[in-house]
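Colleague: Model the structure of this input:
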Amino acid sequence: MTITIDQFRGLELRVGTVKQAEPHPNADRLLVLHVDLGTEERQVVAGIRAHYDPAALVGRQVVVVANLEPAKLRGVESQGMVLAAADGERVVLLRPDDAVAAGTVVR
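Modeller: As a prediction, this is how the structure comes out:
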């Protein structure tokens, strides 16, 4: 499926800085991240628990889909989505090459 440039422009991709990360209380594969997006902090649930130690994520920058409709994942609200690449069993979070201000728009 292809999308138009206008549909792509409808995505709000922003760089966020992980302030806190902990295992999801009701799911073995999920982490709950608290991400600083510059003007606000969001809670994002991500299926990366098998690939990342929560403590190692604190301070790390990630790319977030910031205008995704909130959803409850196993009872915990997620207010966005972190982007990752999957290469077979390996999952790698997307991030900028160099540090940028939290909330920087990705385009």
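
Colleague: Show me which positions of the longest strand belonging to the chain end up buried.
Modeller: Using DSSP state E, we find that the single longest strand of the chain is strand 13-23. Using 16 or more other Cβ atoms under 10 Å as the test for burial, strand 13-23 gives 13-18, 21. C-beta here means a position set from N, CA and C on the backbone, and glycine is covered the same way.

Colleague: helices or strands next to it in the packing?
Modeller: Applying 3 or more Cβ pairs under 8 Å, 6 or more residues apart in numbering; DSSP states H and E, one finds that strand 13-23 contacts strand 31-36, helix 54-57, strand 61-65.

Colleague: For whichever helix or strand comes after the longest one, which residues meet the burial criterion?
Modeller: It refers to strand 31-36. Next helix or strand after strand 31-36 toward the C-terminus (DSSP states H and E): strand 41-46. Within strand 41-46, the residues scored as buried using 16+ other Cβ under 10 Å are 42, 44-46.

Colleague: Stretch 52-66 too?
Modeller: 52, 54, 57, 61-64, 66.

Colleague: one step back: quick one: which of the helices and strands packed on strand 13-23 is nearest Ile3?
Modeller: strand 61-65 (13.9 Å; Cβ to Cβ).

Colleague: Please name every helix or strand in contact with that closest one.
Modeller: Counting contacts by 3+ Cβ pairs under 8 Å, 6+ apart, strand 61-65 packs against strand 13-23, strand 31-36, strand 81-82.

Colleague: Would you reformat those as CSV and include mean pLDDT and distance to Arg90?
Modeller: Shown next, in CSV, are the helices and strands packed on strand 61-65 (pLDDT from 0 to 100; distance: least, Cβ to Cβ, whole Å):
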stretch, mean pLDDT, distance to Arg90
strand 13-23, 98, 19
strand 31-36, 98, 16
strand 81-82, 98, 16
